[in-house]
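1. Quick one, structure for this:
(chains A and B)
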Amino acid sequence: DTEVTQTPKHLVMGMTNKKSLKCEQHMGHRAMYWYKQKAKKPPELMFVYSYEKLSINESVPSRFSPECPNSSLLNLHLHALQPEDSALYLCASSRGGGSDTQYFGPGTRLTVL
Amino acid sequence: DQQVKQNSPSLSVQEGRISILNCDYTNSMFDYFLWYKKYPAEGPTFLISISSIKDKNEDGRFTVFLNKSAKHLSLHIVPSQPGDSAVYFCAARKSPGNQFYFGTGTSLTVIP
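-> Numbering: from 1, shown residues only, chains lettered A, B, ... in the order given. I've put the predicted structure just below:
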């Protein structure tokens, strides 16, 4: 099983709203990632959690707040977003370590009005 | 600075023929390379990978070639099928660490 699930599939929010994106994997992976992808662009790394600790933050604005409650779950809390934050948000996980392969979820399509 | 590049934004191939997708990278610290296939509004799906200690890896219709001296990898799909039509991303991992760098993608269209 190489499934990463993400909820919701679609999200529309206003600039004053607070919402959360959720990601789950049950592959025993110890690294989890958030990416942002705009149309016709490659996935852009936002955060990396390794063994439930934030290991990489690619200078992401504080209106995005990640959380890793346990080794299977990864959340992305959203607050006071801007219309330019509208994108496909992808979660991925990997074992961590050599010859590592990331497995992606289907993504959450976020629209900020 | 784009460390992984796919210089062909699009490629069209006849069904049954070979599709060759190319990827170049600049960082000699990359030690693991992957190809992903992506349909619109979906997450990338892992296709095939290769470690830097190898120069070829094959899985069914998909073969990845790595030329370390040229910092170049390619994905061969043979025979190409209409269901292969998608955007293909190459990715590279820098060791140590868990950072993966993605190319800009090549949109493959397989014409029936």
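2. contacting residues around residue 86?
-> In the absence of a named chain, this looks at chain A. A:S86 is in contact with A:L110, A:T111, A:V112, counting by CB atoms under 8 Å, 6 or more residues apart in numbering or on different chains. Using the backbone N, CA and C atoms, a C-beta is placed for each residue, glycine as well.
3. nope, chain B
-> Contacts of B:A86 by CB under 8 Å, 6+ apart are B:K37, B:K38, B:Y39, B:S107, B:L108.
4. quick revisit: please spell out the ChimeraX selection for the buried subset of the contacts of A:S86.
-> Only the buried members of the contacts of A:S86 enter the following ChimeraX selection, criterion being 16 or more other CB atoms under 10 Å in any protein chain shown:
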select /A:110,112
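5. so what's residue 56 up against?
-> Answering for chain A, as no chain was given. The contact partners of A:I56, taken as CB under 8 Å, 6+ apart, are A:L45, A:F47, A:V48, B:G97, B:N98, B:Q99.
6. switch to chain B, that's the one I care about
-> B:I50, B:T63, B:V64, B:F65, B:L66.
7. Now do it against chain A, distance only.
-> In this view, B:K56 and chain A are 15 Å apart by CB to the nearest CB, to the nearest Å.
8. what pairs with that residue across the strands?
-> B:F65 (DSSP bridges).
9. By mean pLDDT, point me to the weakest helix or strand of the chain.
-> Picking chain A for this. strand A:53-57 (a mean of 88; mean pLDDT, DSSP states H and E).
10. Chain B is the one I meant
-> The helix or strand of chain B with the poorest confidence is strand B:100-102; it has a mean of 90 (mean pLDDT, DSSP H and E).
11. quick revisit: need the contacts of B:A86 in JSON lines (columns: secondary structure and distance to chain A).
-> Conversion of these to JSON lines gives the following (DSSP: H, G, I helix; E, B strand; the rest coil; distance: CB to the nearest CB, whole Å):
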{"residue": "B:K37", "secondary structure": "strand", "distance to chain A": "11"}
{"residue": "B:K38", "secondary structure": "strand", "distance to chain A": "9"}
{"residue": "B:Y39", "secondary structure": "coil", "distance to chain A": "10"}
{"residue": "B:S107", "secondary structure": "strand", "distance to chain A": "9"}
{"residue": "B:L108", "secondary structure": "strand", "distance to chain A": "14"}
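12. ok so, going back, hmm, the least confident helix or strand of chain B touching chain A?
-> Yes - Strand B:100-102 reaches chain A (CB under 8 Å from any CB of the partner chain) through B:F100, B:F102.
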